[in-house]
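Novice: no FASTA, just this:
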């Protein structure tokens, strides 16, 4: 079945919102806002004019939703960064040092718990913000890779004894962790803003997927047998998701 996806940034009120336009086999249109983007679903047969008309309708719809829903509104307010800003993550503090200059590209390095980020002159604000987020995440992933790996392997040895190929830390907005078909465990660097017992719950959750791939009763029984208070951890992540960001 044919499906076309177009990714673009749309200016809605004072926000630049990542948008995914999906043309697929359907007879109606549908709009939704996720944690990170606006999704516009339209029929495959729509011509350019019909598509643009629906994008305009989606922008008006999104504007009304953002104005009426404070939680969704806060998701898309661009975070402001400045030198001297302190990043507190996983029990450690890092100072941000922004350096603008004649650089060919964005880059970063860590010196004595100070994150230096090098920004090319005349970079667009949205591009700079994205670079600062991603570069902080990469630095933090390197800092905590060994610790997180050791903690996951310790939980695995104690409760699961499954074969893990690789453990990776990366900036994932759509989930806190995942287990791939190749037996890799991916952990979002955003999780490192959470308390360590909440982090451990996510590690247990992903390890349990080695035994049960879906979220069946058997899966949750495994999780509960190791972490009887797992529902409290789930609730913490739901309530504090927007705070767990670089």
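Specialist: Received it, and whenever you're ready, just let me know what you need. Given the structure is predicted, the values throughout are model-derived calculations rather than measurements.

Novice: Flag the shaky bits of this structure, pLDDT-wise.
Specialist: By pLDDT under 70, the low-scoring segments of the chain are 1, 70.

Novice: which secondary structure elements does the longest helix anywhere in it contact?
Specialist: Taking DSSP state H as the criterion, the chain has its longest helix at helix 125-155. Identification of packing neighbours for helix 125-155 by 3 or more CB pairs under 8 Å, 6 or more residues apart in numbering; DSSP states H and E yields strand 86-89, strand 92-101, strand 107-111, strand 114-120, strand 166-170, strand 184-188, helix 196-208. Glycine gets a C-beta too; all of them are placed from N, C-alpha and C.

Novice: okay, these in CSV with distance to residue 71 and mean neighbour count next?
Specialist: Shown next, in CSV, are the helices and strands packed on helix 125-155 (distance: least, CB to CB, whole Å; neighbours: other CB atoms under 10 Å):
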stretch, distance to residue 71, mean neighbour count
strand 86-89, 23, 13
strand 92-101, 26, 14
strand 107-111, 30, 14
strand 114-120, 29, 18
strand 166-170, 25, 16
strand 184-188, 19, 21
helix 196-208, 20, 21
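
Novice: Same list (these) but as TSV, adding distance to residue 50.
Specialist: Formatted as TSV, the helices and strands packed on helix 125-155 follow (distance: least, CB to CB, whole Å):
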stretch	distance to residue 50
strand 86-89	46
strand 92-101	44
strand 107-111	44
strand 114-120	39
strand 166-170	38
strand 184-188	38
helix 196-208	43
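
Novice: Please name whichever of these is nearest to residue 158.
Specialist: Proximity to residue 158 (CB to CB) singles out helix 196-208 among the helices and strands packed on helix 125-155, at 10.2 Å.

Novice: Next secondary structure after that closest one?
Specialist: Scanning forward in sequence from helix 196-208 by DSSP states H and E, the next helix or strand is helix 217-226.

Novice: Helix 196-208 and that following helix, what's the angle between them?
Specialist: 140 degrees (axes from the mean of the first three to the mean of the last three CA atoms, to 10 degrees).

Novice: And the contacts of helix 217-226?
Specialist: 159, 201, 204-205, 208-209, 211-212, 230 (CB atoms under 8 Å, 6 or more residues apart in numbering).

Novice: chain center to it: distance?
Specialist: From the chain centre to the centre of helix 217-226 is a distance of 26 Å (CA atoms, centre = their mean, to the nearest Å).

Novice: Kindly report the same for stretch 205-225.
Specialist: Counting by CA atoms, centre = their mean, stretch 205-225 comes out at 23 Å from the chain centroid.

Novice: In space, what's closest to the residue nearest the centre of the chain - neighbours in sequence excluded?
Specialist: Against the mean C-alpha coordinate of the chain, by CA atoms, centre = their mean, the closest residue is residue 173 at 1.1 Å. Nearest residue to residue 173 in three dimensions, chain neighbours excluded: residue 36, at 4.7 Å (CB to CB, 6 or more residues apart in numbering).
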